[in-house]
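K.L.:
task: produce atomic coordinates for the following.
(2 chains, ligands or ions: 2)
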Protein chains: 2
Amino acid sequence: MTSAAAPLFETLTVVGPGLIGASVLHRGRRDGTLAKKLIAVDINPTFRERVRQLGIADEVTDDLAGAAAQSDCVMLCVPVGAMGEVAATAIPAMKPGAILTDTGSTKVSVIDAIRPSLRPDVPYVPAHPMAGTEYSGPDAGFATLFDNRWCLLTPLDGMPDTATTAITTLWELCGARTRTMTPEHHDRVCAIVSHLPHLLAFTICGTADDLADETRSEVLEFAASGFRDFTRIASSDPIMWRDIFLSNREAVLEMLSRFLEDAQAMARAIRWGDSDYIVDRIERGRAIRRSLLENRQA
Amino acid sequence: MTSAAAPLFETLTVVGPGLIGASVLHRGRRDGTLAKKLIAVDINPTFRERVRQLGIADEVTDDLAGAAAQSDCVMLCVPVGAMGEVAATAIPAMKPGAILTDTGSTKVSVIDAIRPSLRPDVPYVPAHPMAGTEYSGPDAGFATLFDNRWCLLTPLDGMPDTATTAITTLWELCGARTRTMTPEHHDRVCAIVSHLPHLLAFTICGTADDLADETRSEVLEFAASGFRDFTRIASSDPIMWRDIFLSNREAVLEMLSRFLEDAQAMARAIRWGDSDYIVDRIERGRAIRRSLLENRQA
Ligand SMILES: NC(=O)c1ccc[n+]([C@@H]2O[C@H](COP(=O)([O-])OP(=O)(O)OC[C@H]3O[C@@H](n4cnc5c(N)ncnc54)[C@H](OP(=O)(O)O)[C@@H]3O)[C@@H](O)[C@H]2O)c1
Ligand SMILES: NC(=O)c1ccc[n+]([C@@H]2O[C@H](COP(=O)([O-])OP(=O)(O)OC[C@H]3O[C@@H](n4cnc5c(N)ncnc54)[C@H](OP(=O)(O)O)[C@@H]3O)[C@@H](O)[C@H]2O)c1
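P.N.:
Ligands and ions are numbered 1, 2, ... in the order given. Predicted structure coming up:
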């Protein structure tokens, strides 16, 4: 028995070293448990230069196929809308038995986009680390981003358990707690806990921005706690969120339509002075908050 | 010239020493600049006992008229829906020239509720300190709650300037920045910066709570940043918020209906894959966030 465990992989390639990808690289760099060799692939020369300066990868390249060919694991951290295209380049170059994984915030559509490129000898394990900040790009990454956060895995039928186990271990080494569920269930849960809140935050900022000039300038001046919190959520990356809304369309539209019905009912209660209804809805918010505090999620 | 300025008032009565009222008392206690004597009035014996234990008032009583009779300023910090009734008891007992003020989160309806009890010799200055936390009650109060926060004053026509000046000074002594505007304008601005965000946060918690059991329990388990932030907003006091929604009904319903139109438009854009529209709305959120950061409000 050696004193330090061997790294999980010989070579790990991270495609798209932005907030999520760079955080994985920072973590891998910090304790060496993820892989002996870390490769970062990005199409953007400015980002490659930043990753080099940060010193979080052993190799930084725009040659995705070349990197994939020497890796035991290829992790796709690009926006959801780019997953299919990137996978189509990476998979044909991969070694038999090497594992493909992704970090996309939606799962059904990412899996659909990647499926046509899959090879029987390259296991694919979809994952979604539920961690993030309102920043993006390589400079946003940090080694502790995933500590005590959930990473949801949505393994596909017929894939070898060993691949799922390896990706589970990878995320646990990154500090996360893991859970598996179906891709469909994942997308519904994330639609309500993450996608709908972001959609509402973006929308209310737009609504405020459309107000007559005088009121709008005072919105900026007097932004109170509620609105300020919404703008923080709403400052996330537009391309990432456009991709998420479009790729989780069905679940997002379903949750939004439930929400809109409930908001209409609240409007009716306010119009007609239905105190009991209003208080009941407010109480539910408090009850959920209490449960979250008990679960130590808040 | 003496070394310390004389207190603003001889005697200040705070009616409803909850989050806001107790914070004013803490501040008055801390540096003695608000009044020589601080009186707290509450109908709730448990709250009176807590205020006594906290030692933030010289006198704690349920006798509103008796307290009003000896005060130079009576500040109403009760829920918006109780303002009219409390003012009707306080005003007839007040000394000629003593000032009435309130801290209600909405202004038009509070003014309407108080107006029938007004006396020509008792100036009334409506105010709204834009500060708060998700907690309520005397134990929630603290001396620095108002530091660098806005307090909006909505003075009425025909009231003496000296009264408005005194209440402006009171809030500046509490650490706040002040601004005056009409009650109507105040209510519209607060509808979008505070009331609508709270309404949406309460509603999304209700929507989540209505989901089928399996998904609901996972909402609690996997609450991501967006949803977690909403539950924090949504944990505020139900009675206070019911009162705010009902008393600022017109402005809240107008902002909500603008918002619902915008949310429907977003739903349509997602359904039809209108990327440009989605990105444009998201960009506005970021632009507002940037402006807030420049204004140092976020
Ligand atoms: N941010 C979150 O909160 C969060 C949480 C969990 C999961 N995720 C998911 O994780 C993934 C990455 O998100 P992120 O926040 O890390 O985004 P990010 O900071 O914007 O990073 C994405 C990276 O991918 C690069 N990229 C884009 N298209 C590419 C392509 N075709 N080939 C190679 N590189 C490409 C980007 O470079 P360019 O900018 O030059 O295109 C950038 O370096 C997304 O799928 C997202 O849904 C995000
Ligand atoms: N919290 C905020 O964020 C915030 C911000 C700005 C302005 N405001 C406004 O400030 C006021 C107070 O809010 P708050 O957050 O301080 O509320 P709070 O913590 O719940 O305190 C309200 C206090 O008023 C007492 N009270 C209620 N009805 C009364 C009556 N008829 N006579 C005497 N006392 C009575 C309450 O006692 P019981 O609980 O026993 O009834 C409690 O002590 C409200 O008008 C609110 O709109 C609040």
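K.L.:
residue nearest the centroid of chain A?
P.N.:
Computing the C-alpha centroid of chain A and ranking residues by CA atoms, centre = their mean puts A:Ser105 first, at 3.8 Å.
K.L.:
mind listing what that one touches?
P.N.:
A:80, A:128, A:190, A:194-195, A:240, A:244, A:248 (CB atoms under 8 Å, 6 or more residues apart in numbering or on different chains). In this view, the C-beta of every residue, glycine as well, is placed from N, C-alpha and C.
K.L.:
among these, which are in helices?
P.N.:
A:190, A:240, A:244 (DSSP state H).
K.L.:
neighbour-wise, which one of those residues leads?
P.N.:
With neighbours taken as other CB atoms under 10 Å in any protein chain shown, the top of the ones in helices among the contacts of A:Ser105 is A:Cys190, carrying 28 neighbours.
K.L.:
how about the secondary structure of the residue nearest to the centre of chain A?
P.N.:
Under the three-state scheme (DSSP: H, G, I helix; E, B strand; the rest coil), A:Ser105 adopts coil.
K.L.:
what does A:Ala90 give?
P.N.:
helix.
K.L.:
ok, and the closest non-adjacent residue to it?
P.N.:
The shortest distance from A:Ala90 to any non-neighbouring residue, by CB to CB, 6 or more residues apart in numbering or on different chains, is to A:Ala68 (4.3 Å).
K.L.:
now do the contacts for the one you found.
P.N.:
Applying CB under 8 Å, 6+ apart, the residues contacting A:Ala68 are A:13, A:74, A:89-91, A:93-94, A:98.
K.L.:
what residues are up against A:Pro155?
P.N.:
So A:Pro155 contacts A:125-126, A:164, A:180 (CB under 8 Å, 6+ apart).
K.L.:
go with 7 Å
P.N.:
A:125, A:164, A:180 (CB atoms under 7 Å, 6 or more residues apart in numbering or on different chains).
K.L.:
let me see the ranges of the helices in chain A.
P.N.:
A:19-31, A:45-54, A:64-69, A:83-93, A:108-114, A:161-173, A:183-190, A:196-209, A:213-222, A:225-233, A:238-247, A:249-271, A:275-294.
K.L.:
got the residues of chain A near ligand 1?
P.N.:
Residues of chain A found near ligand 1 (CB under 6 Å from any ligand atom) are A:15-21, A:42-44, A:47, A:77-80, A:82, A:85-86, A:103-105, A:128-129, A:132, A:136-137, A:140, A:237, A:240.
K.L.:
swap in 5 Å and give it another go.
P.N.:
Taking CB under 5 Å from any ligand atom as the contact definition, chain A meets ligand 1 at A:16, A:18-20, A:42-44, A:47, A:77-78, A:80, A:82, A:103-105, A:132, A:136-137.
K.L.:
list only buried entries from those.
P.N.:
A:16, A:18-20, A:42, A:47, A:77-78, A:80, A:82, A:103-105, A:132, A:136 (16 or more other CB atoms under 10 Å in any protein chain shown).
K.L.:
pick the one among those closest to ligand 2.
P.N.:
Ligand 2 has its nearest neighbour among those in A:Gly132, at 28.6 Å by CB to the nearest ligand atom.
K.L.:
surely that closest one and A:Leu19 touch.
P.N.:
Yes - under the criterion of CB atoms under 7 Å, A:Gly132 makes contact with A:Leu19 at 6.4 Å.
K.L.:
nearest residue to A:Pro155 in space, please, no chain neighbours.
P.N.:
A:Thr164 (4.6 Å).
K.L.:
pull out the buried members of the contacts of A:Pro155.
P.N.:
A:125, A:164.
K.L.:
list just the nearest of the contacts of A:Pro155 to A:Ala263.
P.N.:
A:Thr180 (33.7 Å; CB to CB).
K.L.:
look at A:Ser225 and report its pLDDT.
P.N.:
Confidence at A:Ser225, expressed as pLDDT, is 69.
K.L.:
now A:Ala143: phi and psi?
P.N.:
phi -70, psi -20 (degrees, to the nearest 10).
K.L.:
list the contacts of it.
P.N.:
Per CB under 7 Å, 6+ apart, neighbours of A:Ala143: A:23, A:26-27, A:30.
K.L.:
hmm, 6 Å instead?
P.N.:
A:26-27, A:30 (CB atoms under 6 Å, 6 or more residues apart in numbering or on different chains).
K.L.:
same question for A:Ala176.
P.N.:
A:146, A:149, A:151.
K.L.:
picking that back up, how much space between the residue nearest to the centre of chain A and B:Leu12?
P.N.:
A:Ser105 is 53 Å from B:Leu12, where distance means CB to CB, to the nearest Å.
K.L.:
go on, A:Asp58?
P.N.:
Taken as CB to CB, the span from A:Asp58 to B:Leu12 is 68 Å.
K.L.:
between these two, which one's more packed in?
P.N.:
For A:Asp58 versus B:Leu12, neighbours defined as other CB under 10 Å are more numerous around B:Leu12 (28 against 16).
K.L.:
could you find the closest non-adjacent residue to that one?
P.N.:
B:Ala35 (3.7 Å).
K.L.:
burial count for that neighbour?
P.N.:
What B:Ala35 shows, counting by other CB under 10 Å, is a neighbour count of 22.
K.L.:
wait, it sits on B:Phe9?
P.N.:
Yes - applying CB atoms under 6 Å as the test, B:Ala35 and B:Phe9 come out as touching, 4.2 Å apart.
K.L.:
re earlier: in TSV: the helices of chain A, plus distance to B:Glu294.
P.N.:
Output for those, formatted as TSV (distance: least, CB to CB, whole Å):
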stretch	distance to B:Glu294
helix A:19-31	23
helix A:45-54	25
helix A:64-69	39
helix A:83-93	36
helix A:108-114	37
helix A:161-173	38
helix A:183-190	32
helix A:196-209	15
helix A:213-222	9
helix A:225-233	12
helix A:238-247	19
helix A:249-271	31
helix A:275-294	32
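K.L.:
tell me the pLDDT at A:Pro96?
P.N.:
A:Pro96 is given a pLDDT of 98.
K.L.:
same check on A:Ala298?
P.N.:
At A:Ala298, the predicted lDDT confidence score is 56.
K.L.:
in the stretch 51-200 of chain A, which residue sits closest to ligand 1?
P.N.:
Closest point on the stretch 51-200 of chain A to ligand 1, by CB to the nearest ligand atom, is A:Gly132, at 2.0 Å.
K.L.:
the nearest residue to A:Lys37 once chain neighbours are set aside: how many residues sit nearby?
P.N.:
Spatially, and ignoring its direct neighbours in sequence, A:Lys37 is nearest to A:Thr11 (4.4 Å; CB to CB, 6+ apart). The tally of other residues near A:Thr11 (other CB under 10 Å) stands at 22.
K.L.:
so where is the stretch 101-250 of chain A shaky, pLDDT-wise?
P.N.:
A:225 (pLDDT under 70).
K.L.:
recalculate using a threshold of 50.
P.N.:
Nowhere does the stretch 101-250 of chain A drop to pLDDT under 50.
K.L.:
near chain B, which residues of it?
P.N.:
A:130, A:150, A:188-189, A:192-194, A:197-198, A:200, A:202-203, A:205-209, A:215, A:218-220, A:222-224, A:226-231, A:233-235, A:238, A:241-242, A:245-246, A:249 (CB under 6 Å from any CB of the partner chain).
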